[in-house]
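*Asks:* sequence first, then the predicted structure:
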Amino acid sequence: MNLDPQIAGLIGTLDAGFPPVHTMTGAQARATIRSRFVPAAEPEPVAEVRDETISGLGGEIPLRIYGPDSVGESPPILVYAHGGGFVFCDLDSHDELCRNIANRIPALVVSVAYRLAPEDRWPAAADDFYAATQWAAHNASSLGGDPGRVVVGGDSAGGNLAAVAALMARDRGGPALAAQFLLYPVLAADFDTESYRLFGRGYYNSKPAMQWYWDQYVPSVTDRAHPYAIPLNADPHGLPPAVVVIAGHDPLRDEALAYAAALEAAGVPVVRAQFDGAIHGFMSMPILDIAQKARRRACSELSRLLR
């Protein structure tokens, strides 16, 4: 299993350039990541982009809603959680990805600015994302979407929140979800897997950073037993079908594989979109050919599930 050639040419620079967030406070890490953000010079056209604010348990939750550039009546709705270790990133950091996903599926995408750790620890982010999922489902028709095809999704830490929202929706009587869209999701706090041993250093997403993210979001080891923190601890029966994107050179590879296997064993339909040459976060790097291939595959698989 070799790194994708484009990634191999960049990995040294990517790895060396990622800030040592595990030596910072949450606010410092957030400011550092934000300072490096460069918005797209010409954002991908979509039919509509609008900001909305809804009420959550901890206050107002900002949303950004994307209407796909070309779509028939009543498209599916994807409620989306950005990655960022539960600590950083925001609606702007994932604007390019959300636009592209909206057009590729095509779907209405509701991007959620959930509360961030360590100022707001678990279960704040999970509660916010579930509240946004409820809101999107309840308002699907007025949004112009299909109330029978509401999907939760996210990348990395956002994949955790999407998986948790699917559990909450099952356990709390709704809303009914058509699928879950999990892009190299954070699903466990086990740092001794084979993929952590192989890829925990030198592959952009480091073991020290991952340990730090968990310490910011769910510092209590006792709390980490809860399936709404660690979806891999959950009973997977009765969950919606899943598209799971797995990066082969990612310390999170093994937990994604384990979750996909658990879903399958419980009779949940699963599409594994595995890209062995990829690293964590690669789908947010649009210059990579493998990122475009993964976007195309993941979105087409979700579209197929929804049909």
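*Replies:* Arrived safely, thanks for sending.
*Asks:* burial of residue 104, as a residue count?
*Replies:* By the criterion of other Cβ atoms under 10 Å, residue 104 has 18 neighbours. In this view, the C-beta of every residue, glycine as well, is placed from N, C-alpha and C.
*Asks:* check contacts around it.
*Replies:* By Cβ atoms under 8 Å, 6 or more residues apart in numbering, residue 104 lies in contact with 295, 296, 299, 300.
*Asks:* now with 6 Å, please.
*Replies:* Contacts for residue 104 were tallied using Cβ atoms under 6 Å, 6 or more residues apart in numbering; they are residue 299.
*Asks:* per-residue pLDDT, it?
*Replies:* For residue 104, the pLDDT comes out at 97.
*Asks:* roughly how far apart are it and residue 291?
*Replies:* Here residue 104 is placed at a distance of 12 Å from residue 291 (Cβ to Cβ, to the nearest Å).
*Asks:* what do you get for residue 11?
*Replies:* Distance from residue 11 to residue 291, counting by Cβ to Cβ: 14 Å.
*Asks:* more neighbours: these two, which one.
*Replies:* Neighbour tally, residue 11 and residue 291, criterion other Cβ under 10 Å: the higher count belongs to residue 291, 22 against 17.
*Asks:* now for whichever strand or helix holds that one, which elements pack on it?
*Replies:* If you go by DSSP states H and E, residue 291 is part of helix 289-306. Applying 3 or more Cβ pairs under 6 Å, 6 or more residues apart in numbering; DSSP states H and E, one finds that helix 289-306 makes contact with strand 242-249, strand 270-279.
*Asks:* TSV for the ones you listed, including mean pLDDT?
*Replies:* Below are the helices and strands packed on helix 289-306 laid out as TSV (pLDDT from 0 to 100):
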stretch	mean pLDDT
strand 242-249	98
strand 270-279	98
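*Asks:* show me the one of those that comes nearest residue 23.
*Replies:* Nearest to residue 23, of all the helices and strands packed on helix 289-306, is strand 270-279, at 21.7 Å by Cβ to Cβ.
*Asks:* which SS state does residue 39 fall under?
*Replies:* Classification of residue 39 using DSSP: H, G, I helix; E, B strand; the rest coil returns coil.
*Asks:* so residue 201 sits in a strand?
*Replies:* No: counting by three-state DSSP, residue 201 is not part of a strand but coil.
*Asks:* what about the nearest residue to it once chain neighbours are set aside, neighbour count?
*Replies:* Closest residue to residue 201 apart from its sequence neighbours, by Cβ to Cβ, 6 or more residues apart in numbering: residue 207 at 6.5 Å. Neighbour count of residue 207, defined by other Cβ under 10 Å: 17.
*Asks:* how about the one 10 residues further on?
*Replies:* As a burial measure, residue 217 scores 28 neighbours (other Cβ under 10 Å).
*Asks:* likewise residue 92?
*Replies:* 14.
*Asks:* backbone dihedrals for it, please?
*Replies:* phi -70, psi -40 (degrees, to the nearest 10).
*Asks:* so what's residue 263 up against?
*Replies:* Residues in contact with residue 263 (Cβ under 6 Å, 6+ apart) are 236, 242, 270.
*Asks:* what about it, distance to residue 185?
*Replies:* Noted for residue 263: a distance of 12 Å to residue 185, by Cβ to Cβ.
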